[in-house]
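S.K.: my questions are about this predicted structure, shown below with the sequence.
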Number of protein chains: 2
Amino acid sequence: MAPILLNCAGKEDEDYIKPQLHVKNPHLDSMEEDILYHFSLGTKTHNLPEMFGDVKFVCVGGSGNRMRAFAKFMHQELGLPGNTDEITDICEGTDRYSMYKVGPVLSISHGMGVPSISIMLHEMIKLLHHAGCHDVNLFRLGTSGGVGISPGTVVITDKAVDCFFRPQFEQVILGKVIIRSTELDADLAEELSQYASEMPELPTVIGKTMCTSDFYEGQGRLDGALCSFSTEEKVEYLRKAYNAGVRNIEMESTVFAAMCHMCNLKAAVVCVTLLNRFDGDQISTPHEVLTEYQQRPQNLVAHFIKKRLGLIV
Amino acid sequence: MAPILLNCAGKEDEDYIKPQLHVKNPHLDSMEEDILYHFSLGTKTHNLPEMFGDVKFVCVGGSGNRMRAFAKFMHQELGLPGNTDEITDICEGTDRYSMYKVGPVLSISHGMGVPSISIMLHEMIKLLHHAGCHDVNLFRLGTSGGVGISPGTVVITDKAVDCFFRPQFEQVILGKVIIRSTELDADLAEELSQYASEMPELPTVIGKTMCTSDFYEGQGRLDGALCSFSTEEKVEYLRKAYNAGVRNIEMESTVFAAMCHMCNLKAAVVCVTLLNRFDGDQISTPHEVLTEYQQRPQNLVAHFIKKRLGLIV
């Protein structure tokens, strides 16, 4: 059989020819206009190919301030011309999300929790589609609670798991529960891990990341407005998580992994831990230490981007 | 049996004597300090009773800008002294949430989705507890998609239901699913409805509010990055929702109702509809019309607050 036929029939070969992201929605083609409401952008009001056509790296994180800081940091790291004060919020027409672009890097905030990041991902993936982007790598740069590891450790997510330690995401569609895989790109995680090993100031592990829909009861915290369990029961749950391979807990990774997987986007989750949950629940670390911790995933992903762009060898 | 014994034994009588909110967490008493991390406030760093002891109305909504606008609006409505430009964000140490206080009214943003509002509610309820507040009424002022009603209609929530139309919220605690009631305060909804009837410029209905964990697939939208269903299937789901009494769809009401119910907080959900989902999915209404729509729940709740404070009869 000739290679051309193999290419047409096989998904992997298709990807080899042009690795592109896929929106999975046949209705989009028939829409005259697409308003990305929560970005305050649209296909008729903005020239999305011109604005975003060269994007190769999308970095997302919870806080708008943090993602603005990351954009400024990347501007310096990439040696781009101009003043970092000129980097403005592309989504200034709304306060739902913030978005900054520096060269081929797009930095977007997603708020907290699965529903919040999911709205952003739908609109970001459509944005990349409308802009004709391809070969895009996506990173979530987050903060998290550590499970049995020292505060400040960076966790590169091996598998995103739910609160029952299952590598899956439950999406409800029209009142029916659909199970989606939370598989992340193994090569990307491996490459990040390799770069991390070259950065001795960056304590890094690969592990499972547990995604919960609640910060207090859902993560076994004893310090919420509601708590119905004992310290011992909390510790037992964390121990079970640890034994299942979980090294950190956050609130977005499963839907992030699931949607990227569905849309053929190579994606990685890189979160720093702010505390070791076996030692406590409250985040009482001094502000300047937390700020330095939050810089760590940014440093690793900046290193990755510079390697990919050939700025360092 | 003497009344005093009845009061000690019966929850209802206890509430009658001093209607106060209850944190339901025995661990809180033994904590030396409580850091409300996502507010950037704490019991050791801030005098919470002095800052918040007089709060009687807490109004929450998704967008920080909208909740700042509401605070300025309430400042004017209550005829408070000083310039509205002096109303500053109490949570300026973080960008997770925004918080403004004008007289007895606290206005707080909660971001989008159940996890995001749930973190805010835990910390807000603890804040009210630490500040010694009592007799507090809580309102969610939101935007939503309408189901079979005209855009701009204000829906006062009768019952918050999940995507299967059940009046319940599933909370996962240490890997176990707990079902919580989403009962809201019927008297508060009735009182709001009565005031709305006195405001002819405010089209209002009482109905069920469906809370989903996703804006696109979860609400049957055809315009997300992913969509696997037909227009007919979407309409069938919306029709089922309408027949079950659902009049609008948003993303926070079930956990809001459940947590307020657990903590003995009288709470109401008042959302304006931005579109009728039977007519479409995209929010293409002009900005100025949307701004006027978003003012409507604020007008109703402002009217309520002024009635309660005896500023209007």
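M.R.: Thanks, I have the structure now.
S.K.: CA atoms only for the longest helix along chain A, dumped as PDB, please.
M.R.: The helix spanning the most residues in chain A, taking DSSP state H as the definition, is helix A:287-308. Once side chains and other backbone atoms are set aside, the C-alpha atoms of helix A:287-308 remain, and they are given as PDB (Å, rounded to 0.1, in the frame of the first residue of the first chain):
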ATOM      1  CA  HIS A 287       4.200  36.500  50.700                       C
ATOM      2  CA  GLU A 288       7.700  36.800  49.300                       C
ATOM      3  CA  VAL A 289       8.400  33.100  49.600                       C
ATOM      4  CA  LEU A 290       5.100  32.300  47.900                       C
ATOM      5  CA  THR A 291       6.000  34.800  45.100                       C
ATOM      6  CA  GLU A 292       9.300  33.000  44.600                       C
ATOM      7  CA  TYR A 293       7.500  29.600  44.600                       C
ATOM      8  CA  GLN A 294       5.100  30.800  41.900                       C
ATOM      9  CA  GLN A 295       8.000  31.900  39.700                       C
ATOM     10  CA  ARG A 296       9.200  28.300  39.500                       C
ATOM     11  CA  PRO A 297       6.800  26.800  37.000                       C
ATOM     12  CA  GLN A 298       7.300  30.000  35.000                       C
ATOM     13  CA  ASN A 299      11.000  29.500  35.000                       C
ATOM     14  CA  LEU A 300      10.700  25.900  33.800                       C
ATOM     15  CA  VAL A 301       8.300  26.700  31.000                       C
ATOM     16  CA  ALA A 302      10.300  29.700  29.900                       C
ATOM     17  CA  HIS A 303      13.300  27.400  29.600                       C
ATOM     18  CA  PHE A 304      11.200  25.000  27.500                       C
ATOM     19  CA  ILE A 305      10.100  27.800  25.200                       C
ATOM     20  CA  LYS A 306      13.600  29.200  24.800                       C
ATOM     21  CA  LYS A 307      14.900  25.700  23.900                       C
ATOM     22  CA  ARG A 308      12.100  25.200  21.400                       C
END
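S.K.: which other helices and strands does that helix contact?
M.R.: Contacting helix A:287-308 under the criterion 3 or more CB pairs under 8 Å, 6 or more residues apart in numbering or on different chains; DSSP states H and E are the following elements: strand A:57-61, helix A:64-77, strand A:137-146, strand A:154-161, helix A:186-197, strand A:266-276. Placement of C-beta: from N, CA and C, glycine included.
S.K.: what's next to that helix, contact-wise?
M.R.: When contacts are taken as CB atoms under 8 Å, 6 or more residues apart in numbering or on different chains, the neighbours of helix A:287-308 outside the stretch itself are A:56-57, A:59, A:66, A:69-70, A:73-74, A:77-78, A:105, A:137, A:139, A:141-143, A:151-152, A:154, A:191-192, A:195-196, A:198-199, A:202, A:204, A:270-274, A:283, A:285, A:312-313.
S.K.: buried sites along it?
M.R.: Within helix A:287-308, the residues scored as buried using 16 or more other CB atoms under 10 Å in any protein chain shown are A:290, A:293-306.
S.K.: what angle sits between it and strand A:154-161?
M.R.: With axes from the mean of the first three to the mean of the last three CA atoms, to 10 degrees applied, the angle from helix A:287-308 to strand A:154-161 works out at 80 degrees.
S.K.: may I have the beta-bridge partners of A:Leu226?
M.R.: Under the criterion DSSP bridges, A:Leu226 forms beta bridges with B:Lys24.
S.K.: in contact with it, which residues are there?
M.R.: So A:Leu226 contacts A:216-217, B:23-25, B:122, B:259, B:262-263 (CB under 8 Å, 6+ apart).
S.K.: quick revisit: and of the helices and strands packed on helix A:287-308, who's closest to chain B?
M.R.: Minimum separation from chain B across the helices and strands packed on helix A:287-308 (CB to the nearest CB) falls at helix A:64-77, 4.6 Å.
S.K.: ok, A:Val246 - how many residues close by?
M.R.: The criterion is other CB atoms under 10 Å in any protein chain shown. On that basis, A:Val246 has 22 neighbouring residues.
S.K.: I'd say it and A:Lys208 touch.
M.R.: Yes - the pair A:Val246 and A:Lys208 qualifies as a contact (CB atoms under 8 Å) at a distance of 4.7 Å.
S.K.: okay, and the common contacts of those two?
M.R.: A:161, A:165.
S.K.: list the residues that contact the residue lying closest to A:Glu252 once chain neighbours are set aside.
M.R.: Setting aside the residues directly before and after it, A:Glu252 is nearest to A:Ile117 in space (CB to CB, 6 or more residues apart in numbering or on different chains), at 4.4 Å. If a contact means CB under 8 Å, 6+ apart, then A:Ile117 has A:60, A:110-111, A:140, A:252, A:255-256 as its contacts.
S.K.: go through these and flag which are in helices.
M.R.: Where those overlap with helices, as defined by DSSP H, the overlap consists of A:255-256.
S.K.: now pLDDT and neighbour count too, for the contacts of A:Ile117, in CSV please.
M.R.: Supplementary listing: the contacts of A:Ile117 in CSV, determined by pLDDT from 0 to 100; neighbours: other CB atoms under 10 Å in any protein chain shown:
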residue, pLDDT, neighbour count
A:Val60, 98, 26
A:His110, 98, 27
A:Gly111, 98, 27
A:Arg140, 98, 29
A:Glu252, 98, 31
A:Val255, 98, 25
A:Phe256, 98, 32
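S.K.: and the stretch 51-200 of chain A, which residues reach chain B?
M.R.: By CB under 8 Å from any CB of the partner chain, the part of the stretch 51-200 of chain A that sits against chain B consists of A:62-65, A:94-96, A:111-116, A:118-119, A:121-123, A:125-126, A:129, A:163-165, A:171-175.
S.K.: now, which of those lie within helices?
M.R.: Helix and strand membership here follows DSSP H; of these, those in helices are A:64-65, A:114-116, A:118-119, A:121-123, A:125-126, A:129.
S.K.: farthest pair in those residues?
M.R.: Distances among these were taken as CB to CB; the most separated pair is A:Asn65 and A:His129, at 28.3 Å.
S.K.: neighbour count: the two, which is higher?
M.R.: When A:Asn65 and A:His129 are compared for neighbours, A:His129 comes out ahead with 19 against 14, by other CB under 10 Å.
S.K.: list the contacts of the residue nearest to that one when sequence neighbours are not counted.
M.R.: Here the nearest residue to A:His129 in space, its sequence neighbours aside, is A:Val23; by CB to CB, 6+ apart that works out to 4.7 Å. Residues in contact with A:Val23 (CB under 8 Å, 6+ apart) are A:125-126, A:129, A:263, B:225-226.
S.K.: quick one: A:Glu33 from chain B, how far?
M.R.: Using CB to the nearest CB, to the nearest Å, A:Glu33 is found at 8 Å from chain B.
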